[in-house]
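Enquirer: Got a predicted structure here, sequence first:
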Amino acid sequence: ATDNIGYNLNSEQTLTPLTIALNSELVAGDASISLSLREIINAKIGDLVAKGLNPKIQKALDVVRVIGNEAVHPGQIDLNDSPEIAQALFKLVNVIADDMITKPKEVDSLYDELVPESHKNGINKRDTQQ
């Protein structure tokens, strides 16, 4: 059964002022957490841009952020109705991970493995003088 304000109730549930208040608090809390997370994510992308983030990765992060945000709000984007969008998001997440995690680790590993310590010391001196 559904009450007059849209709550779905089974035979064992009753709608009381307490359940309405608790559900309202949960919805308000969810909305404020969602807004805070959106602001934090947007600010973090901004921080990365200020630190020299590759502009293409910035675009990929913004696509994932915007589409992901729209997908969690009813009536905006339904990823179940659009598997192409979901596939594109997975592809972008892989591009982001490759650029920001995999490639730097590969370069660090090759640097550590191939560059002799004597040259690393010279490189460190050069970089600390700048």
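Expert: Noted; the coordinates are in hand. Numbering: from 1, shown residues only.
Enquirer: Helices of this structure, start to end?
Expert: Remark: helices assigned in the chain by DSSP state H are 17-50, 55-71, 83-97, 103-114, 117-129.
Enquirer: could you redo the ones you listed as TSV and give each row mean neighbour count and mean pLDDT?
Expert: Where C-beta positions appear, they are placed from N, C-alpha and C, glycine not excepted. Output for the helices of the chain, formatted as TSV (neighbours: other Cβ atoms under 10 Å; pLDDT from 0 to 100):
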stretch	mean neighbour count	mean pLDDT
helix 17-50	11	63
helix 55-71	16	85
helix 83-97	13	85
helix 103-114	10	96
helix 117-129	9	93
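Enquirer: mind checking how far Met100 is from Gly122?
Expert: 28 Å (Cβ to Cβ, to the nearest Å).
Enquirer: go on, Glu84?
Expert: 51 Å.
Enquirer: what's the answer for Arg38, then?
Expert: From Arg38 to Gly122 the distance is 46 Å (Cβ to Cβ).
Enquirer: do Lys51 as well
Expert: 26 Å.
Enquirer: Ok, Glu113 next?
Expert: 18 Å.
Enquirer: cool, Phe90 as well?
Expert: On the measure of Cβ to Cβ, Phe90 and Gly122 end up 43 Å apart.
Enquirer: before we move on, what about Ala71?
Expert: Distance from Ala71 to Gly122, by Cβ to Cβ: 50 Å.
Enquirer: now Ala86
Expert: 49 Å.
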